[in-house]
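> Here is my input, please return the structure:
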Amino acid sequence: DPTWGSREQGEEAKYINEKATLYIQEQAQLTALREEQKIRSTASNDNATKDATSSTKDRDFEGGFGGQEDLEDRYATTSGEH
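Numbers count the residues shown, from 1 in each chain. Below you'll find the model as predicted:
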């Protein structure tokens, strides 16, 4: 039946168009989210850099390595037998 065949093709074409439209919308949303994340990440990196420079200026000594500056030495008063 040619009518049924054309109807089936029309429904398939409609489905494909809907999927393509949804895909395009999803890609646009993902792009927007990536841009927003990039902006937030850049802003947080700038703030972290400012915080790091201000905190190093507050200290009058060089201590620690690799982010361990704030650790306390628990064995500083022992005789070394630990």
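
> Need the mean per-residue confidence for the helix or strand containing Trp4.
Using DSSP states H and E, the element containing Trp4 is helix 2-58. Taken as a whole, helix 2-58 carries a mean pLDDT of 85.

> Can we start the residue count at 7 from this point?
Sure, I'll start numbering at 7, so the last one becomes helix 8-64.

> who does it touch, helix- and strand-wise?
If you count contacts as 3 or more C-beta pairs under 8 Å, 6 or more residues apart in numbering; DSSP states H and E, helix 8-64 packs onto no helix or strand. In this view, the C-beta of every residue, glycine as well, is placed from N, C-alpha and C.

> Thr9: neighbour count?
7 (other C-beta atoms under 10 Å).

> again, but for Lys25
Applying other C-beta under 10 Å, we find 10 residues neighbouring Lys25.

> now the one 3 residues further on
By other C-beta under 10 Å, 10 other residues sit near Leu28.

> Against Trp10, how distant is it?
Note on Leu28: its distance to Trp10, by C-beta to C-beta, to the nearest Å, is 27 Å.

> what does Asn51 give?
61 Å.

> do Ala49 as well
From Ala49 across to Trp10, the span is 58 Å (C-beta to C-beta).

> cool, Gln43 as well?
Counting by C-beta to C-beta, the gap from Gln43 to Trp10 is 49 Å.

> same question, Glu18
Going from Glu18 to Trp10 by C-beta to C-beta gives 13 Å.
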